[in-house]
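**Student:** Requesting a structural model of the entry that follows:
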Amino acid sequence: MKKTNVLHNVNWQNFALLVLRVCIGAIFLYAGWMKLTDMANVIGMFGQFGWPVPAFFAYLVAIVETVAGGLMILGILTRIDAVLLAAVMIVALITVHIPAGKWDAGIQLVITLLAGNLALTATGGGMWRVWSKDCPCS
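**Tutor:** You can find the predicted model right below:
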């Protein structure tokens with residue numbers, strides 16, 4: 001009889017992707033919502049970082065984080081959400097965290113979220129999702 005590794009079971013893989021998707025989505029949903037409820041400070045922060053048109057980019061980041069985070073929790077368009085959120089993390093690394101030159105919890109979180117989003121871009125969100133159609137973007 002062939003021995004099977006229980007951790008390679010498809011249900012465990014789908015469970016792991018669900019946990020990853022919900023955790024990352026919740027972090028971004030919360031961060032985006034906090035930005036949307038305090039846009040004056042967020043615009044000021046983007047201005048301090050030297051961004052051109054800070055109001056536009058502040059709203060763009062806040063909306064992307066909120067919408068993509070919420071959709072990721074539900075498993076809707078997971079790969080697209082993950083690409084958008086990975087892009088936000090890359091820009092945050094390049095413009096904020098790396099220039100600060102500190103290896104603190106902030107940069108560690110950004111790198112971890114980037115890695116998680118890259119994993120979800122490669123794998124999709126698993127079979128446990130609201131959008132159950134076979135879509136290559138989920």
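**Student:** how close does the closest residue to Arg129 other than its chain neighbours get to Val67?
**Tutor:** In space, and not counting its chain neighbours, Arg129 is closest to Gly75: 2.3 Å by C-beta to C-beta, 6 or more residues apart in numbering. For the C-beta atoms, the positions are set from N, CA and C on the backbone; glycine is no exception. Distance, Gly75 to Val67, using C-beta to C-beta, to the nearest Å: 14 Å.
**Student:** list the contacts for Ala86?
**Tutor:** 114, 117-118, 121 (C-beta atoms under 8 Å, 6 or more residues apart in numbering).
**Student:** Could I get the average pLDDT for the host helix or strand of it?
**Tutor:** Using DSSP states H and E, Ala86 sits within helix 78-92. The average pLDDT for helix 78-92 rounds to 97.
**Student:** immediately after that helix, which helix or strand?
**Tutor:** Scanning forward in sequence from helix 78-92 by DSSP H and E, the next helix or strand is helix 98-100.
**Student:** Contacts only, for the residue nearest to the spatial centre of the chain.
**Tutor:** Against the mean C-alpha coordinate of the chain, by C-alpha atoms, centre = their mean, the closest residue is Leu85 at 4.2 Å. Neighbour list for Leu85: 24, 28, 64-65, 68-69, 72, 113, 117 [criterion: C-beta under 8 Å, 6+ apart].
**Student:** so the longest helix anywhere in the chain versus helix 78-92, what angle?
**Tutor:** Identified as the longest helix of the chain according to DSSP state H is helix 10-36. Angle between the axes of helix 10-36 and helix 78-92 is 50 degrees (criterion: axes from the mean of the first three to the mean of the last three C-alpha atoms, to 10 degrees).
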